[in-house]
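Chemist: Got a predicted structure here, sequence first:
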Amino acid sequence: MNEAELAKFPSYTFGQAFTTLKCQASQYLPWMEKKFKSNGGYLERRKVSNVWDLHGTYDVVVNCSGLGSKDLFDDQSIYPVKGQVLEVQAPWVKHFIRDGDGSTYIYPGISYVTLGGTRQKGDWSCLPNAQASEGIFQRCCHLEPSLSGASVIQEKAGLRPTRSALRIEKDILNKNGQKLPIIHNYGHGGGGFSIHWGTAKTATKLLQKLILSVHDVYAKSKL
């Protein structure tokens, strides 16, 4: 980000500012999309039930489908971990707080404070649970008593694509003597916003090497 863009975020320490980005993906992700498009990228929304349907249209496929890899690539090791948070109006909270194992946390953002959370392994529901929300609020108030006066803006729940180890690697699909190169980059669990820059760079390096090899094979086949 440039200085003007960074100015939109609170002047916390590095850890606090980084957490702010994590809390408010609603602002961060559109910025990323804008940067992607300004560098010549374009977006196409479509349903892909069989990754081989992409063969012949694209030289290389980068797989960031998360939980979708369970069906698309028959990865039975990936599973959901449901996470639930509360967004509250508490502008007086200026520092993030996190307990020992990270199960309870308070992350101040640009326009609201995020309170969390839950880790429900194997739960595919994306609907917030009222009992879980009450537990989150009580635990966070125990860490920061002033939150008892905060008003809840909304409840949010989502699924973390989790596996025993993050998958970043090259793969080649073969069918009827034809090949479809794949770069996998998924399985970040609850750490996606913490490590996405690093994993994206690693995946990009793999992609660059793969593109060179694909183009080299293609050029030789034309000789």
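Modeler: Yes, it's here. Numbering: from 1, shown residues only.
Chemist: residue ranges with poor pLDDT in the protein?
Modeler: Of all residues in the chain, those with pLDDT under 70 make up the ranges 1-23, 214-223.
Chemist: Which residue ranges of it form helices?
Modeler: Using DSSP state H, the helices found in the chain span residues 3-6, 14-23, 25-38, 69-72, 130-143, 192-222.
Chemist: wait, which of these is closest to residue 178?
Modeler: Residue 178 lies closest to helix 192-222 among the helices of the chain, at 12.4 Å (Cβ to Cβ). C-beta coordinates here come from the backbone N, C-alpha and C atoms, glycine included.
Chemist: which residue is nearest the centroid of the chain?
Modeler: Taking Cα atoms, centre = their mean, the centroid of the chain lies closest to residue 192, which sits 4.1 Å from it.
Chemist: so how far is residue 185 from it?
Modeler: 10 Å (Cβ to Cβ, to the nearest Å).
Chemist: just residue 104 next, same as before
Modeler: Taking Cβ to Cβ, one finds residue 104 at 30 Å from residue 185.
Chemist: Same question for residue 161.
Modeler: Residue 161 is 11 Å from residue 185, by Cβ to Cβ.
Chemist: related to what we said a few turns ago, which residues does the nearest residue to the residue nearest to the centre of the chain once chain neighbours are set aside bridge with?
Modeler: In this structure, residue 192 finds its nearest non-sequential neighbour in residue 160, 7.8 Å apart by Cβ to Cβ, 6 or more residues apart in numbering. Per DSSP bridges, the residues bridged to residue 160 are residue 81.
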